[in-house]
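[1] sequence and predicted structure, then a few things I'm wondering about:
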Amino acid sequence: MIKRMLIAIALVCLMAIPVQAAGPTVSIMTEQIANVDKGNSLTVELGYFLGIDSGLEPYIGTQWWPQWDEVGDIEPPSVVVLGVRNHFKDVLDPNSIIPYLPDLLLIILNEDIEIKPYVGFQFTANFIDKNAGFMGLSSGILVKTSPDSNSALRFGIKYNDTFGDLAGVRDNRFDYEMGIFIPF
């Protein structure tokens, strides 16, 4: 009898799990700079989302600046990036913690759109030789056009401080990035 009751409770708990649960994530981003051949970068990140609707997402990735010097060598180099983002709940939700924002935005936006902000920090993973690296803060939003959509558009802004061989990339400024975020 108790065994059946425990199985029934476990089944009810499993059926109550939302569709977007914890799991691996992939982000592909491009940094947008006004000058096309100076400072644009491509970033690929693999993460693991630790929440249901909001939560932490630690990630590892690589960032590459496709610039060549006069000899034909890549300058500056690509780097391995470690970081974490904290995702927040949908700001267009009627129960949002920001008062009046959903009502104002839903005047011009479709009610199926989800906008989830995030904040985070990142740093390079070269602890020994310190040939090139950066550390910085990031913030942005994930935009889903419908609740059933698996992927989201990602728009962000970051502020990095570079050092070593990566000093060729301008730092101490706000860089804008956009791309796609895919949870699995």
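    That came through fine. Residues are numbered from 1 along each chain as shown.

[2] any buried residues in the host helix or strand of residue 175, and which?
    Secondary structure assignment for residue 175, by DSSP states H and E: strand 174-183. Residues 175, 177, 179, 181, 183 are the ones in strand 174-183 that count as buried (16 or more other Cβ atoms under 10 Å). Bear in mind the C-beta positions are built from the backbone N, C-alpha and C, glycine included.

[3] list just the nearest of those residues to residue 23.
    Closest to residue 23 out of the buried residues of strand 174-183 is residue 183 (6.1 Å), distances taken as Cβ to Cβ.

[4] pretty sure that closest one is in contact with residue 25, am I right?
    Yes. A contact is recorded between residue 183 and residue 25 when judged using Cβ atoms under 8 Å, the distance being 4.9 Å.

[5] got any residues that touch both of these two?
    Shared contacts of residue 183 and residue 25, defined by Cβ atoms under 8 Å, 6 or more residues apart in numbering, are found at residue 49.

[6] where do the helices sit along this protein?
    Along the chain, the stretches classed as helices by DSSP state H are 2-15, 101-105.

[7] tell me the mean pLDDT for the shortest one?
    Put plainly, it is helix 101-105. Averaging pLDDT along helix 101-105 gives 66.

[8] do the longest one as well
    Over the span of helix 2-15, the pLDDT mean works out to 47.

[9] pLDDT added to the buried residues of strand 174-183, as TSV?
    Putting these into TSV (pLDDT from 0 to 100) gives the following:
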residue	pLDDT
175	83
177	89
179	93
181	92
183	89
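
[10] nearest to residue 51 among those residues?
    In terms of Cβ to Cβ, no member of the buried residues of strand 174-183 lies closer to residue 51 than residue 183, at 10.6 Å.

[11] in this structure, which helix or strand is least confident?
    In the chain, the helix or strand scored least confidently by mean pLDDT, DSSP states H and E is helix 2-15, which has a mean of 47.

[12] separation between residue 156 and residue 119?
    Residue 156 sits at a distance of 10 Å from residue 119 (criterion: Cβ to Cβ, to the nearest Å).

[13] cool, and residue 88?
    Applying Cβ to Cβ, the value for residue 88 to residue 119 is 8 Å.
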